[in-house]
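Undergrad: turn this into a model:
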Amino acid sequence: MKVLIETITSRRGYKNFADEAEFDDFLSQNHNKITGYQILQEDDDGLNKQLQNVAKQCEMLENHLIQLFFTKANQHSDYNKLLYAAGRLCEAVSAIKSCIK
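TA: Numbering: from 1, shown residues only. This is a model prediction of the structure:
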């Protein structure tokens with residue numbers, strides 16, 4: 001977990017802790033030097049990993065659609081639908097990647 005800490009000398013900085021127990025130990029040892037702290041919600045690593053997995057799956061599906069476009073599409077309407085779907089997946093990947101911290 002990442003914590004923003006402010007000291008009695010008005011210095012501010014980030015400190016990383018493995019878990020809450022380590023953070024509690026730090027606070028008990030340094031409570032007289034700290035005027036305030038803020039636990040940052042950076043523990044969304046699970047969400048970031050899920051978003052990365054979804055982005056990878058979308059990219060794989062996009063590549064598969066493009067492969068189908070070049071190898072299997074027989075009719076003109078199939079071309080348009082496959083290209084449209086691949087383009088929408090490309091947009092989805094961009095949107096998902098913009099959400100990843």
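Undergrad: show me where the protein has its helices.
TA: Counting by DSSP state H, the chain has helices at residues 20-30, 45-71, 76-99.
Undergrad: where's Ala86 relative to Cys99, distance?
TA: 21 Å (Cβ to Cβ, to the nearest Å). Any C-beta I mention is one placed from the backbone N, CA and C, and that applies to glycine too.
Undergrad: between those two, which one's more packed in?
TA: Comparing Ala86 with Cys99 by other Cβ atoms under 10 Å, the one with more neighbours is Ala86, at 18 against 11.
Undergrad: hang on, the more buried one packs against Phe70?
TA: No. Between Ala86 and Phe70 there is no contact, the gap being 10.9 Å when judged by Cβ atoms under 8 Å.
Undergrad: mean pLDDT per helix and strand in this structure: which one sits at the bottom?
TA: Ranking every helix and strand in the chain by mean pLDDT, DSSP states H and E puts helix 76-99 at the bottom, with a mean of 84.
Undergrad: for it, packing partners?
TA: helix 45-71 (3 or more Cβ pairs under 8 Å, 6 or more residues apart in numbering; DSSP states H and E).
Undergrad: buried ones in the helix it packs on, by neighbour count?
TA: The neighbour-count check on helix 45-71 (16 or more other Cβ atoms under 10 Å) flags 51, 54-55, 58-59, 62, 65-66, 69 as buried.
Undergrad: repeat that for stretch 21-34.
TA: 23, 26.
Undergrad: who's in contact with that stretch?
TA: Applying Cβ atoms under 8 Å, 6 or more residues apart in numbering, the contact partners of stretch 21-34 are 1, 3, 5-8, 15, 17, 37, 39.
Undergrad: so which of those would you say is closest to Tyr79?
TA: Met1 (50.6 Å; Cβ to Cβ).
Undergrad: just the pLDDT at that closest one, thanks.
TA: With respect to pLDDT, Met1 has a value of 80.
Undergrad: could you find the closest non-adjacent residue to it?
TA: In space, and not counting its chain neighbours, Met1 is closest to Phe17: 5.2 Å by Cβ to Cβ, 6 or more residues apart in numbering.
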